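Q: Could you work out the structure for the sequence below:
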Amino acid sequence: MPDWLEVALRTFFSVVFLFLLTKLLGKRQVTQLSMFEYITGITIGSLAAYISLDLNSHWSLGMVSLVVWVLVSLGIEILQMKSKTARDWLDTKSTVLIKDGKILEDNLKKERMTTDDLLAQLRKKSVFKMADVEFAIMEPSGDVNILLKRDNQPITPAHLGIKVGPEQEPQAVIMDGKIMNEPLATLGYSRDWLLTELEKTGVAIENVFLGQVDMYGQLYVDLFDDQIMVPAPQALAALLAQLKKCEADIELFAISTKDPKVKKMYTQCSEQLVETIVALRPYLIQ
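A: Numbers count the residues shown, from 1 in each chain. Got it, this is the predicted structure:
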């Protein structure tokens, strides 16, 4: 067999074999790596290159070495799942960098971080003032997570005492000009409904690169032609305007009537409608 063909075949089988072994190890090997996972990744890559190019050695020996490395890595991952002591020793513990708004200089030195490094990590979290940070911790992966001081945290509906329903993820119902039936059925809509919504925007389905429907039933589309602007859906805004118009009409009826009972009824209806509009407003304004 010619050398070039042997190298090509070895490389091909190495790639396939390495892919299967990586699938066995799971997603952790391709995300943030611990120190041992980093070493494992380098070693497995070196072994794969050795199998591909070293024609003087039998390729099966490299495969055996790969299998041993993967089994060791798999065993260590199982050990980490069952033992916190093993996790702390292999992955190291998290390190607190800022506590009660104070930078812990000794911990910075322990992690070999400079002040510039710390500030850079804070900027990655969109924090440009150290004084805004209440707590910061470095994870074993090297990421720095922060907790802002209470007066610098963004306001949420919970802070205002407002209860909101669960948010459902939008579904991609059109991809590359083709209707995706399963996501559409998940939302409870039909193909006819989707085609009707497309007609409202004046867009043909074959021109749609991506179409998404949110939990409120609004369709958002992106076209292949980036020069064409598609207007944003106005169904929710129109509903809000209609509710306000109804409120104004009821108030007008209450002012116009001279019957006290009817006036009281209209007033109560108007108040109830105002409460409904206030409750629905966060959902109607996107």
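Q: what residues does stretch 222-230 touch?
A: Here stretch 222-230 makes contact (Cβ atoms under 8 Å, 6 or more residues apart in numbering) with 177, 201, 203, 207-211, 221. In short, each C-beta sits where N, CA and C put it, glycine included.
Q: List the buried residues of that stretch.
A: residue 223 (16 or more other Cβ atoms under 10 Å).
Q: From residue 87, how far out is residue 64?
A: Distance of residue 64 to residue 87, given as Cβ to Cβ, to the nearest Å: 29 Å.
Q: Could you check which of those two has the larger neighbour count?
A: residue 87 (16 against 12; other Cβ atoms under 10 Å).
Q: which residues does residue 147 contact?
A: Residue 147 touches 133-136, counting by Cβ under 8 Å, 6+ apart.
Q: related to what we said a few turns ago, top of the contacts of stretch 222-230 by neighbour count?
A: residue 211 (27 neighbours).
Q: what about the closest residue to it other than its chain neighbours, is that helix, strand or coil?
A: Closest residue in space to residue 211, ignoring its immediate chain neighbours: residue 174 at 3.2 Å, by Cβ to Cβ, 6 or more residues apart in numbering. Per DSSP: H, G, I helix; E, B strand; the rest coil, the secondary structure class of residue 174 is strand.
Q: Residue 172 reaches residue 212, doesn't it?
A: Yes: counting by Cβ atoms under 8 Å, residue 212 is a contact partner of residue 172 at 5.4 Å.
Q: These two - which one has more neighbours?
A: In this view residue 172 and residue 212 are compared by other Cβ under 10 Å, and residue 212 has more residues nearby, 17 against 13.
Q: Which parts of the stretch 51-200 of the chain are helices?
A: In the stretch 51-200 of the chain, the helices defined using DSSP state H, counting those that start in this stretch lie at 59-82, 84-91, 105-110, 115-124, 181-187, 191-201.
Q: what mean pLDDT does the helix or strand just after the last one have?
A: Okay, so that is helix 191-201. Going down the chain from helix 191-201, the next helix or strand is strand 208-213, by DSSP states H and E. If you average the pLDDT over strand 208-213, you get 90.
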